[in-house]
Structure formats: C-alpha cells, structure tokens
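Undergrad: Here is my input, please return the structure:
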Amino acid sequence: MATQNGNKDLDINQGGDATKKTYHKQATGLAAKTAERHSAENDLKLYGSCFCPFVHRVWISLEHKKLEYEYVEVDVYRKPKLLLDINPRGLVPALRHGDWGCYESTVLMEYLEDLHEGKPLLPSDPKLRARSRLWSDHINRHIIPLFYHYLQAQTLDNQTKYAGELTEQIAKLVSAADTTGPLFLGKDFTFVDVQMAPWVIRLEKVLKPYRGWPDPEPGSRWERWVRAIEANEAVKVTTSGDELYLDSYERYAENRPNTSLVQAAVNGGKGLP
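TA: Sure thing, here's the model as predicted:
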C-alpha cells in the first residue's frame, strides 16, 4: 500500500513516517493459533481484522458457542471484493453463511443466537434478554465512543475530561450488573460480557500504556468483572499478544489523519460508523 509520496514500504496510516507503527495484518499469540485451527473451508465464515474490537466480539461468540467456522483475515484498508460483496462499505466484521452475508457486530451476535446452536449468550427470560440488549446499547452508545475520544485526545485537559466521562459511563454499567457477579448477569458468561470484553482487553493493552488508565480498584465489583472476562477461555483464545495492540493503536493515540472511519467520526463529532 503506497502513501501519497509513493513509498510502497509505507501505508497511509504511517503518515509518510517509516518510524511510526501501523496496524497488524495477522493475529499473534493464542489468537493466531485459533485462526489457524479455523483456516479450513467452512460454510460459516467470519471475515475479520485481528486488531478490530468489533470483530473480537463475534469471534468470542463463535468460540463460546464452539461452532464450526472459517476465520478469514482481511485487510480492510485494501477492501477486498470478498468483503465488499457482503458489506459495500468494506467494514469488518462480516459474516457469510452459505450464500447469505451480513455485517455489524451486534447484529451478527444476534444472528448467531438465532441459529440456536451451541451455548446461548442471551438468557431465556424475556426480561433479562431485554436488560441485556439495553446495556449492550449503553456500551455502544456511550462507552465505546468515549474510549476513542479519550485515546485520540491530544491535550491533557481533553484527556482528563474524557477519562472522567469514560469512568462515569463504566460505573453506570457496573451498577446495573448483578451485585455478586462476577459477570454481568452472575456466574454465566453472557451477551453483555461479550459486548464489553474487547474493550476490557483494550483498556489494559491500549489505554493503560498510552493514557495511564488505572487498574481496577482491588476488591471492587469492577475488578471482579474485569478478571472474570480476562479469564474466560473464549476471550483468551481470540486475544493477540500485547505488541499487536500497542502497534495497531499507536495511530489512534497520535490521532493521525486517515487512521480509520472511527477516527474521522470521533473527530467530526459523529456517531461511530
């Protein structure tokens, strides 16, 4: 991928500077082993990019349910035709099941639930299902945008502002969780846990090194939830090594131009794409 200066050794996310890190194009660590185990042709295919938290959600769901699937790594900045055929915007995650395709992480998680295969993530109780959807919406509307606002903020004042707002929105989510836990609805790993898991991982692996995000307070309800998510097998086997996240998110931490549609939306005050 060439930059505007024509250097084919750089990509646009490096801003013409070879010393800058860019996004990884292959999973590492346990996630790489999981991708390899699911590299064989299958009717159910997940098209993803290893650094993407929205892909991470769907990948965790597939592993939790122990479904047979094929993982296909794609470079979203090159927007291959196999991805555009499913999502004309060329965004991941995308799922193809036979001759049918769809996209958007929460929609895909719901689709996997509707297959009624493997261990469910949504509870059978209609009220708890509604509660799960309500607080998943809170994560998508409030927590995720603030994660990016905080990471992309370049001044101390803005970083302080967004850190406070992110902490407040996480506290609201925690206050809605089962009081004993350790997970959102209690002992079982469910829909809201998967919705939040990629950002729990990235609070530790991205916001902590780049913005000094603090460890959870020892003994707190939040700490119990974080540790339970980190210890979940489906989360562990879909998580790459620390370097992948440090490298892939450096461009956000420096708020480089042309980083992503997410970066542009946050800077433009728009909703996430």
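
Undergrad: quick one: which helix or strand includes Leu67?
TA: Leu67 is part of no helix or strand when elements are defined by DSSP states H and E.

Undergrad: Please tell me I have it right and it contacts Glu117.
TA: Yes - with contact defined as CB atoms under 8 Å, Leu67 reaches Glu117; the gap is 6.0 Å. All C-beta atoms are positioned from the backbone trio N, CA, C, and that covers glycine.

Undergrad: On the pLDDT front, check the residue nearest the centre of the chain for me.
TA: Central residue of the chain (CA atoms, centre = their mean): Pro53, 1.3 Å from the mean position. Looking at Pro53, its pLDDT reads 98.

Undergrad: So for Asp242, what's the nearest residue that isn't a sequence neighbour?
TA: Residue nearest to Asp242 in three dimensions, not counting chain neighbours: Lys205, with 5.5 Å by CB to CB, 6 or more residues apart in numbering.

Undergrad: swap in Tyr245?
TA: Leaving out its chain neighbours, the residue that sits closest to Tyr245 by CB to CB, 6+ apart is Lys205, at 4.1 Å.

Undergrad: Phe189 reaches Glu63, doesn't it?
TA: No - if you go by CB under 8 Å, Phe189 and Glu63 don't touch, sitting 10.9 Å apart.

Undergrad: Mind listing the shared neighbours of those two?
TA: Residues touching both Phe189 and Glu63 (CB atoms under 8 Å, 6 or more residues apart in numbering): Ala234.

Undergrad: Please report phi then psi for Ile86.
TA: phi -90, psi -50 (degrees, to the nearest 10).

Undergrad: check contacts around it.
TA: Here Ile86 is in contact with Tyr47, Ala94, Leu95, Arg96, Gly101, Cys102, Tyr103 (criterion: CB under 8 Å, 6+ apart).

Undergrad: shaky segments in the stretch 1-150 of the chain?
TA: Across the stretch 1-150 of the chain, the ranges flagged by pLDDT under 70 are 1-21.
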